[in-house]
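Undergrad: Provided below for reference: sequence and predicted model.
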Amino acid sequence: MLKRPHPYPSPFLNSPALSRRWLRSGIALVLSILTLSQTGLSQQKKWVGTWSTAPQLVEPNNNPPSPGLSNNTLRQVLRISLGGDTLRMRFSNEFSTSPVTLQEVHLAVSAGQDTIDPATDTALRFNGNLQTTMGRGSAVTSDPFYFPGQPGTDLVATIYFGSTSADVTGHPGSRTTSYILTGNQVSRDNFAGAVRTDHWYVINTIDVLAPDSAAAVVIIGNSITDGRGSGTNRQNRWPDELSRRFQENPQTHLTAVLNQGIGGNCVLGSCLGPSALSRFGRDVLGQSGVRWLIIFEGINDIGNGAPGVGNNLINAYTQMIQSAHANGIFVYGATLLPMKNSFYYTPEHETERQIVNNWIKTTNLLDGVIDLDLALRNPADTLSLLPEADTGDHLHPNETGHRLMAEAVDLNLFVGRDSLTVSDASLARFFEPECATIGENWNIVEDAQASDGKYVTAMPGFENIANPPADSSDALYIPFQVDSAGSYNLIVRINCPTYDDDSFWIKMDDGNFELHNGLVTGGWEWRNLNAYTLGEGPHTLTIAFREDGALLDKICLATLGIPPLGLGEEAENACLATGLLDPPSPPSGYALEPNFPNPFNPSTLIRYRLPEATKVRLTVFNSLGQEVQRLVGEHKNAGRHQIEWDGTNDRGKAMSSGIYYCTLSAGSYRMVRKMVLLR
């Protein structure tokens, strides 16, 4: 339920323009409430992403120019791909080390360049307030607000900042001009005299309340998808051109396009921005209303990689495909463009590109292929770009090339595919290292950005650079057990600021310690370190420090290798109330485990354990506390049980996106878990 807005102080009401703006905001909020209430009852609408950009730590040379953002106003232009009358907007401070305060945020329709249509100017609210502060490493989403807009409309986000971190989160490759004025200028119609910069800062996503039949396609990629070679302020990146095609076709006009390209990005890491694997949870699975994914990334890995990088990319693609399928998302692979005569080209690199493209065109894992290589290759030399589509660097397409790429996409791939049947029963287990059996040479450090508010690191001066540890004082031990044999990925949430503090020694059971080095990150990140074939039963994971600046926050063992969202789910081991750190024993009492996947679309697996035979009630409720579906209501034997919820109610009707709660009642035991359904 939305909070009633606070009225403006009386001096503002003496201004006719502000009075009209206040009245319009009040009417808009009432209409928004009515819209959301009707939606909740009819279940005919859902949240769908209409615009998005991938956040990253902005490099110093792309930071906001003077006068900067602190206590100043920034105006940014963006184009939505899907229309509607109710929006919500997300802002990101996920890669900054200091809080950022948004004193006031407005959204309006663009009247060209730095000018807005004042009749559309709308103030956003956050839990009913105009002001909000994003803690370091966090994000914030506005309250839903009434804002009618047509597909392809240019919108203007104007933000008056308070104190702002110097290491700002943003998106350098905006291909769109932004404007900075000193002081509070959120209500100005134009920004004449503003300082200009072609970057976005802190804005992340916009969702629209759309019909059930609407859906989004996410494109994850690098500089080509980000728009390198397209025109500044022309909105003609190939995802933009694809969105225009969707709108022109009656069968696809309810399809949104979300551009998740990052210039210089890699699938596997060691390039600009978080790797495609590490950002997959947020930038793909975390988007609203996603039905399709296009993977078009890997040329930077090949251009910077060693022999064998093609097979490593295929393994990474496989992980992304499996994770998307587990969340009900269709996946299309786009072949990598020719690169002959570019700075990346060597015969060896070309061999790796061919390995990747041949796999994309022949694998049965993908749901479809978009052959961009075929669309942009030069018929006279198929290893090079079409001359009329080449920017001149023989790697990036120009504006003609971006248009040809969009035209190469078969729109039938986005027609008649309403849902993907999910048969995957993926599992994930989470552990807190500070709650393990831990050696005396580790420090436990409090940090609000860490899961459970703590992380572990080696005490200063304690390092094992050359050899793994010889005794337990340098290691921590996590005993666990698995219910079924299989391959499990070890994924850790780490913060390794430099190449001098970015490694660990790790072993599974009685195996040998393996060195995991080169793990440098841009803040807290999930990293997939290894995959282990485990038999059913008990196991022990041992982690020892190698360098004393490497920070370890949380551990995940998962059958899929995609990093979790945010801090992941609740850990299975928990520190005792006394603060003593003991190894966890296998659960012997009642337990409702975290559902997986979560967020999910269209189904999720719910597991629970009973130490004795008893009457069980397992029920799903919505965020209003209303019962949605009774999953179990009968006597159950002692043991482990699981059931799948397909996101429908008791009448079999599909529920809309949102937060739901699974409640287990068994004897005197009661446990509630939060689940997030993303349509």
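TA: Cool, the structure landed.
Undergrad: what ranges does the stretch 1-150 of the chain have for its strands?
TA: Counting by DSSP state E, counting those that start in this stretch, the stretch 1-150 of the chain has strands at residues 45-52, 56-57, 72-79, 84-93, 100-112, 115-116, 122-123, 132-134, 138-141, 145-149.
Undergrad: which residue ranges of the stretch 351-500 of the chain form strands?
TA: So, for the stretch 351-500 of the chain - with DSSP E, counting those that start in this stretch - the strands run 368-370, 377-378, 381-385, 428-431, 437-438, 442-446, 454-458, 475-482, 486-495.
Undergrad: want to try TSV for those, with distance to Met405 as columns?
TA: C-beta coordinates here come from the backbone N, C-alpha and C atoms, glycine included. Shown next, in TSV, are the strands of the stretch 351-500 of the chain (distance: least, CB to CB, whole Å):
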stretch	distance to Met405
strand 368-370	9
strand 377-378	12
strand 381-385	11
strand 428-431	36
strand 437-438	52
strand 442-446	47
strand 454-458	43
strand 475-482	44
strand 486-495	33
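Undergrad: turn these into a markdown table, including mean neighbour count.
TA: Output for the strands of the stretch 351-500 of the chain, formatted as a markdown table (neighbours: other CB atoms under 10 Å):
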| stretch | mean neighbour count |
| --- | --- |
| strand 368-370 | 19 |
| strand 377-378 | 18 |
| strand 381-385 | 17 |
| strand 428-431 | 22 |
| strand 437-438 | 20 |
| strand 442-446 | 16 |
| strand 454-458 | 22 |
| strand 475-482 | 19 |
| strand 486-495 | 21 |
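Undergrad: for those strands, give me JSON lines that also has mean pLDDT.
TA: Output for the strands of the stretch 351-500 of the chain, formatted as JSON lines (pLDDT from 0 to 100):
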{"stretch": "strand 368-370", "mean pLDDT": "97"}
{"stretch": "strand 377-378", "mean pLDDT": "98"}
{"stretch": "strand 381-385", "mean pLDDT": "98"}
{"stretch": "strand 428-431", "mean pLDDT": "90"}
{"stretch": "strand 437-438", "mean pLDDT": "86"}
{"stretch": "strand 442-446", "mean pLDDT": "89"}
{"stretch": "strand 454-458", "mean pLDDT": "91"}
{"stretch": "strand 475-482", "mean pLDDT": "89"}
{"stretch": "strand 486-495", "mean pLDDT": "92"}
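Undergrad: mind checking the ones you listed for the one nearest to Val195?
TA: For Val195, the closest of the strands of the stretch 351-500 of the chain is strand 486-495, at 33.4 Å, according to CB to CB.
Undergrad: sorry, back to before: quick check: which of the strands of the stretch 1-150 of the chain is nearest to Ser657?
TA: Among the strands of the stretch 1-150 of the chain, if distance is taken as CB to CB, the winner is strand 45-52, at 4.8 Å.
Undergrad: before we move on, the earlier item: out of the strands of the stretch 351-500 of the chain, nearest to Tyr608?
TA: strand 428-431 (15.1 Å).
Undergrad: circling back: Ile224: which of the strands of the stretch 351-500 of the chain is closest?
TA: Per CB to CB, nearest to Ile224 of the strands of the stretch 351-500 of the chain: strand 381-385, 11.0 Å.
Undergrad: this structure: helices as residue ranges?
TA: Ranges of helices in the chain, per DSSP state H, are 10-13, 16-42, 223-226, 238-248, 276-280, 299-304, 309-326, 347-362, 372-376, 399-407.
Undergrad: and of the ones you listed, who's closest to Ser270?
TA: Using CB to CB, the helices of the chain put helix 299-304 closest to Ser270, at 6.9 Å.
Undergrad: what residues sit buried inside the closest one?
TA: Neighbour counts over helix 299-304 (16 or more other CB atoms under 10 Å) mark Ile299, Asn300, Asp301, Ile302, Gly303 as buried.
Undergrad: what's the answer for stretch 448-465, then?
TA: Applying 16+ other CB under 10 Å to stretch 448-465 flags Gln449, Ala450, Ser451, Asp452, Lys454, Tyr455, Val456, Thr457, Ala458, Phe462, Glu463, Asn464 as buried.
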